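S.K.: Make a model of this:
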Amino acid sequence: MRVSDLARQAATTTETVRHYTDIGLLKPQRDPGNGYRHYNQSDLRLLRFAIKARSLGFTLTDIQSLATASEEGETPCGQVRSLIEQRLEDVEARIRELQALSQRMRSAMSDWQDKPDCHLDDGRVCGLIDAVVGEDELETSR
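M.R.: So this is what the prediction gives:
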């Protein structure tokens, strides 16, 4: 099948198929007559696997490593479990960071509710932000 056929069957874009081919994840056969790439059912299975793995937070490097292990007859499921545990820890840490950021933003919005817009003549950019993060706090964080 051609790039467009593979993309359609995997519910993805032709750009994704081409990118995965360019990085060596997909390895289509070339038609010697016209040079067109021809993909087979194995390519479709691997592409669908890659799309599912990406939806779980796996990187393309992870996916290539898992595919290589499978091609070599290994069962990469243990590696999948380890990787997803690590990714889950990273995601949960990022969620905590984003929740803290959200709280700081809500607090700032609340503090700014009754403050007027004003032009500062002392070189500062925005008094609203300066009121939230004072210069003394910035000095200690550097």
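S.K.: Which strand or helix spans the spatially closest residue to residue 58 that is not a sequence neighbour?
M.R.: Nearest residue to residue 58, sequence neighbours excluded (Cβ to Cβ, 6 or more residues apart in numbering): residue 83, at 6.4 Å. Placement of C-beta: from N, CA and C, glycine included. Taking DSSP states H and E as the definition, residue 83 sits inside helix 77-112.
S.K.: can you pull the buried residues of that helix?
M.R.: 80, 83, 84 (16 or more other Cβ atoms under 10 Å).
S.K.: tell me which strands and helices the helix or strand just after that helix is in contact with?
M.R.: Sequence-wise, the next helix or strand downstream of helix 77-112 (DSSP H and E) is helix 127-132. With contacts taken as 3 or more Cβ pairs under 8 Å, 6 or more residues apart in numbering; DSSP states H and E, helix 127-132 sits against helix 77-112.
S.K.: which strands and helices sit next to the helix it packs on?
M.R.: Secondary-structure packing of helix 77-112 (3+ Cβ pairs under 8 Å, 6+ apart): helix 60-71, helix 127-132.
S.K.: tell me how far it is from the chain's mean position?
M.R.: Relative to its chain's centre, helix 77-112 lies at 14 Å (Cα atoms, centre = their mean, to the nearest Å).
S.K.: pLDDT of that helix, averaged?
M.R.: Averaged over helix 77-112, pLDDT sits at 94.
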